[in-house]
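# Test case, fold it:
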Amino acid sequence: MENLDTNKISNAIEAILFWKGESVSIKKLAEILKVETSQIEEALKLLEGRLVGGIVLLRNENEVELRTSKEASLILEELSKEELSRELTKPQLETLSIVLYKGPIKRSEIDYIRGVNSQFILRHLEMRGLVEKRPSLSDARANEYVPTNELFSHLGITKIEELPEFDVLKKKVEEFVETKVEEEKEE
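Numbering: from 1, shown residues only. The predicted structure follows:
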């Protein structure tokens, strides 16, 4: 992609940031697009100027992310209240169950078990205070999802082992993952 002009790089950055839904380092963007970091900086300035109204480019040191603007915050706050008062969907319950019975667990592992991207569902569960993201103890580059104390309180339990059939279901989840891994090795 070395022959991209600034406008194309800017468009590609916008698409990457939208798809990721999280901060991406300028260095990583340069690697992905196979351009110099100076070209990324130039394209980010262009992107920043193009984004007006609802979406803004958030810069935190050497990372960038797409976020909603202050102007849109009142509307989004109202939508969030509506959304948070609804019952959990089947995919949300599925994801929450995986976090409960397999956690702490990385998003990539949740995606693997579910077979789909769980990023937005996890964000929704975080917003509702049901799960939280914390740095992984085994891999400093990753995060893990764990159930919150608020969720425990809502479920009426004081520790994870008090979940219904915890040992049995935890074992079934682990067997499912092992079976899936073995099947993929055979393919």
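
# what residues does stretch 101-118 touch?
Residues outside stretch 101-118 that contact it (Cβ atoms under 8 Å, 6 or more residues apart in numbering): 91, 94-95, 98-99, 119, 122, 134, 136-137, 139, 142-147, 163, 166, 169-170, 173-174, 176-177, 180. (C-beta placed from N, C-alpha, C; glycine too.)

# Tell me the buried residues in it?
101-107, 109-110, 112-113, 118 (16 or more other Cβ atoms under 10 Å).

# Can I get the residues you listed in a markdown table including pLDDT, distance to V56 and secondary structure?
Putting those into a markdown table (pLDDT from 0 to 100; distance: Cβ to Cβ, whole Å; DSSP: H, G, I helix; E, B strand; the rest coil) gives the following:
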| residue | pLDDT | distance to V56 | secondary structure |
| --- | --- | --- | --- |
| Y101 | 88 | 38 | helix |
| K102 | 87 | 36 | helix |
| G103 | 83 | 33 | coil |
| P104 | 90 | 32 | coil |
| I105 | 91 | 32 | strand |
| K106 | 91 | 29 | coil |
| R107 | 92 | 25 | helix |
| E109 | 90 | 32 | helix |
| I110 | 93 | 29 | helix |
| Y112 | 89 | 33 | helix |
| I113 | 89 | 34 | helix |
| S118 | 92 | 26 | coil |
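
# Tell me the one among the residues you listed nearest to E42.
R107 (31.7 Å; Cβ to Cβ).

# helices and strands around the longest helix seen in the chain, which ones?
Using DSSP state H, we find that the single longest helix of the chain is helix 166-186. The contact analysis (3 or more Cβ pairs under 8 Å, 6 or more residues apart in numbering; DSSP states H and E) places helix 166-186 against helix 90-102, helix 107-114.

# Any chance of these in JSON lines with distance to G54 as columns?
As requested, the helices and strands packed on helix 166-186 are exported to JSON lines (distance: least, Cβ to Cβ, whole Å):
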{"stretch": "helix 90-102", "distance to G54": "25"}
{"stretch": "helix 107-114", "distance to G54": "26"}
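
# closest to K45 out of the ones you listed?
Among those, helix 107-114 sits nearest to K45 (Cβ to Cβ), with 31.0 Å.

# Give me the angle between that closest one and helix 90-102.
Orientation note: helix 107-114 sits at an angle of 110 degrees relative to helix 90-102 (axes from the mean of the first three to the mean of the last three Cα atoms, to 10 degrees).

# quick check: angle from helix 107-114 to helix 166-186?
Using the same axes, to 10 degrees: helix 107-114 against helix 166-186 is 80 degrees.

# What lies in contact with the next helix or strand after helix 107-114?
Following helix 107-114 in sequence order, the next helix or strand is helix 119-127 (DSSP states H and E). Among residues not part of helix 119-127, those counted as contacts by Cβ under 8 Å, 6+ apart are 21-22, 80, 83-84, 91-92, 95-96, 99, 107, 110, 131-133, 145.
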